[in-house]
Structures are given as structure tokens and as C-alpha cells.
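Novice: Pasted the sequence and its predicted model underneath.
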Amino acid sequence: MQSRRLMIYLVALLVILVGMLVYIFIQSRHIDKAVRESGSENREKKPDLANGGLIYEKGTDLQGRMIPISGGPDWLLTKGGGCAACHGENGRGGEPVKGLTIVPPNIRRAVDKGIGGMSVDEFATLIKWGELPNGKELSHEMPRFDVPDDEAIDLLEYIKQL
């Protein structure tokens with residue numbers, strides 16, 4: 001009699017656990033969908049070239065917020081903190097830069113060779129983590145810029161216009 005009662009309790013507990021797992025799975029699917037949809041809204045926004053230009057040239061956005069930087073030469077923050085500090089205002093690079101052992105490349109050529117065809121997510125990964133879509137990493141001397149996802153498209157489109 002007690003073993004039958006124990007069996008009923010165990011089955012009831014199992015049904016409750018399975019129900020909870022199903023509920024958690026369904027909720028996580030809804031959360032994933034919401035995250036994907038909110039990300040696509042950012043990607044559908046029209047690029048703001050003025051904002052992208054300010055990020056490229058000065059390392060700040062239109063609201064005056066500085067883009068957080070890690071790595072790169074020590075003086076970068078004092079010289080403006082933007083891409084132009086090393087790659088130049090026209091994006092041609094090619095000039096030795098104090099504190100670097102590499103010469104910053106021509107971003108305009110990089111647009112033709114790959115950046116221009118990147119998705120916004122791939123470009124954001126490139127500038128935030130220094131990782132190319134093929135898994136290769138940029139030089140450790142290239143600073144990593146923590147550009148907000150909704151502003152990465154502004155920067156990418158500005159660079160394409162150089």
C-alpha cells in the first residue's frame with residue numbers, strides 16, 4: 001500500500017517537473033524571438049552618416065557620449081579616440097603611427113575587400129572583439145571599440161562613404 005502511494009507521488013512529481021520544463025522551454029523561445037525582433041529593428045533603422053562620421057573622427061556619438069575603447073596606443077584617448085586618429089580622416093591609413101609596430105591599413109581598400117560586404121553583426125564583432133567572420137583576429141594593436149549595436153550601422157555606412 002505504501003509503495004503504491006510512493007509510486008503515485010513520484011509520478012505526480014515527474015509530471016510536475018516535465019510541465020515546468022515545457023513551460024521554461026516555451027518561455028525561452030518567446031524571449032529568443034523578442035530578442036531577434038528587437039535586433040532586426042536596429043538593423044532596419046536608416047543609417048545616420050553624421051553620427052557615423054563623428055564616431056569615426058572623434059570617438060563620440062551625436063549625444064556626446066564617448067565610445068569605450070580597449071587596447072590600441074596609450075595616447076588614443078587624448079588624440080580623439082576615433083578611427084581617424086590612426087587611419088586618417090580619409091581612411092587611407094598607410095602612415096606610421098606613434099606607439100604602433102604596424103602601419104594602419106587603408107580602410108577604403110578594406111571596404112572593397114570585405115568590410116563592405118559584412119552584415120552589421122559581423123562588423124560589430126570586428127570592431128568590438130577584433131574578430132573577422134572567418135575567425136581570424138585583427139592585430140592586438142587595433143583598438144576594440146564598444147560601439148552600441150544601433151550605432152554600428154552608422155559607422156559602417158560612414159566608412160563605406162569614405
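Specialist: Now that the structure is in, tell me what you want to look at. Numbering: from 1, shown residues only.
Novice: Return the residues in contact with K113.
Specialist: Not one residue lies near K113 by Cβ atoms under 8 Å, 6 or more residues apart in numbering. Where C-beta positions appear, they are placed from N, C-alpha and C, glycine not excepted.
Novice: For K136, see how far away L100 is.
Specialist: To K136, L100 is 19 Å away according to Cβ to Cβ, to the nearest Å.
Novice: So for these two, which sits in the more crowded spot?
Specialist: Set L100 next to K136 and count neighbours by other Cβ atoms under 10 Å: L100 wins out with 14 against 8.
Novice: who's in contact with that one?
Specialist: Counting by Cβ under 8 Å, 6+ apart, L100 touches P73, C86, E141.
Novice: repeat that for 7 Å
Specialist: Contacts for L100 (Cβ atoms under 7 Å, 6 or more residues apart in numbering) come out as P73, E141.
Novice: And the pLDDT at it?
Specialist: With respect to pLDDT, L100 scores 85.
Novice: likewise S38?
Specialist: 48.
Novice: Work out for me the element the spatially most central residue of the chain sits within.
Specialist: Taking Cα atoms, centre = their mean, the centroid of the chain lies closest to A124, which sits 3.1 Å from it. Element membership of A124 [criterion: DSSP states H and E] is helix 120-129.
Novice: which other helices and strands contact that helix?
Specialist: Judged by 3 or more Cβ pairs under 7 Å, 6 or more residues apart in numbering; DSSP states H and E, helix 120-129 is in contact with strand 144-145, helix 149-161.
Novice: Mean pLDDT for these - can I get that in a markdown table?
Specialist: A markdown table is the format used below for those (pLDDT from 0 to 100):
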| stretch | mean pLDDT |
| --- | --- |
| strand 144-145 | 92 |
| helix 149-161 | 90 |
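Novice: Looking at the ones you listed, spot the one closest to Y56.
Specialist: Closest to Y56 of the helices and strands packed on helix 120-129, according to Cβ to Cβ: helix 149-161, at 5.4 Å.
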